[in-house]
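A.B. asks: Got a predicted structure plus its sequence, pasted below:
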Amino acid sequence: MRAQTLTQALHGHDTLTRKAGLVLGGSLFIALAAQVAVPFFPVPMTLSTLAILIVGLTFGSRLGAVTLLAYLAEGAMGLPVFAGGMNGAALVGPTAGFLYGFVGMAWLAGLAVERGLARGVLSTALVGVLLSAFIYIPGLAWPALALGKSAPDLWAYWMAPFLLGDAVKAVIAAMVVWGGWTALRARS
């Protein structure tokens, strides 16, 4: 059977211990990426979505989603894993919708790989761009419903400043994952 994800190609069928290590390492990778931030208000621009796309595209749907659930759990337990060293308080703050949407983003990225929709650098970049757009659904729903923000505020502060950066991060994620596949094939 052909490996569907990069981690399957590298490690074969993973043991529970290896999967736990991948989840822990993936959540640490995302936590570190969240600390690389451009301070916008009320939502900072971070490298979180880049890391999440890489995790989802390399781990697959289930392991990618579990990694993001672990990341959210780490923050809920008080670890400073969210942007700016935030912890559980961010799960009810202005960025909460994005944080919860990250689980779906990783799951959908992995599902795209498993279904063969993200096989080349171009198709993987397209998947990344579409998922970067998807993240705005929960990301904007939270401040609209929980915080009562208006559509102009959502556009001006939660969406417009991030669109170009999200597209660039999606292309970089595709290049990283495609580079991993290329390196693996060259090694064989």
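C.D. replies: Nice, I can see it.
A.B. asks: Packing partners of the longest helix along the chain?
C.D. replies: Counting by DSSP state H, the longest helix found in the chain is helix 163-187. Applying 3 or more CB pairs under 8 Å, 6 or more residues apart in numbering; DSSP states H and E, we find helix 163-187 packed against helix 6-11, helix 48-59, helix 121-134. Every residue, glycine included, has its C-beta placed from N, CA and C.
A.B. asks: List of residues touching the first one?
C.D. replies: Under the contact criterion CB atoms under 8 Å, 6 or more residues apart in numbering, helix 6-11 has outside partners 3, 14, 18, 22, 57-60, 63, 177, 180-181, 184.
A.B. asks: distance of the spatially closest residue to residue 166 that is not a sequence neighbour from residue 162?
C.D. replies: Using CB to CB, 6 or more residues apart in numbering and skipping the chain neighbours, the partner closest in space to residue 166 is residue 132 (3.9 Å). Distance, residue 132 to residue 162, by CB to CB, to the nearest Å: 9 Å.
A.B. asks: One more: residue 86?
C.D. replies: Counting by CB to CB - residue 86 and residue 162 are separated by 18 Å.
A.B. asks: Between those two, point out the one with more neighbours.
C.D. replies: Using other CB atoms under 10 Å as the criterion, residue 86 and residue 162 rank with residue 162 on top: 23 against 17.
A.B. asks: which non-adjacent residue is nearest that one?
C.D. replies: residue 45 (5.9 Å).
A.B. asks: hmm, back to that, just list the residues touching the residue nearest to residue 166, thanks.
C.D. replies: Residue 132 makes contact with 49, 53, 166, 167, 169, 170 under the criterion CB under 8 Å, 6+ apart.
A.B. asks: Mind doing that once more with 10 Å?
C.D. replies: Residue 132 makes contact with 49-50, 52-53, 105, 162-163, 165-171, 173, according to CB atoms under 10 Å, 6 or more residues apart in numbering.
A.B. asks: Just give me the neighbour total for residue 82.
C.D. replies: Neighbour tally, residue 82, other CB under 10 Å: 28.
A.B. asks: so what's it up against?
C.D. replies: By CB under 10 Å, 6+ apart, the neighbours of residue 82 are 30-31, 34-35, 44, 46, 48, 71-72, 74-75, 88-91, 93, 95-96, 98-99.
A.B. asks: Looking at the closest residue to it other than its chain neighbours now. What's its pLDDT?
C.D. replies: Closest residue in space to residue 82, ignoring its immediate chain neighbours: residue 90 at 4.3 Å, by CB to CB, 6+ apart. You'll see residue 90 listed with a pLDDT of 94.
A.B. asks: ok, residue 90 - how many residues close by?
C.D. replies: Residue neighbour count, defined by other CB under 10 Å, stands at 22 for residue 90.
A.B. asks: That one contacts residue 75, doesn't it?
C.D. replies: Yes: applying CB atoms under 10 Å, one finds residue 90 in contact with residue 75, separated by 6.4 Å.
A.B. asks: Identify the contacts common to the two.
C.D. replies: In contact with both residue 90 and residue 75: 34, 81, 82, 99, using CB under 10 Å, 6+ apart.
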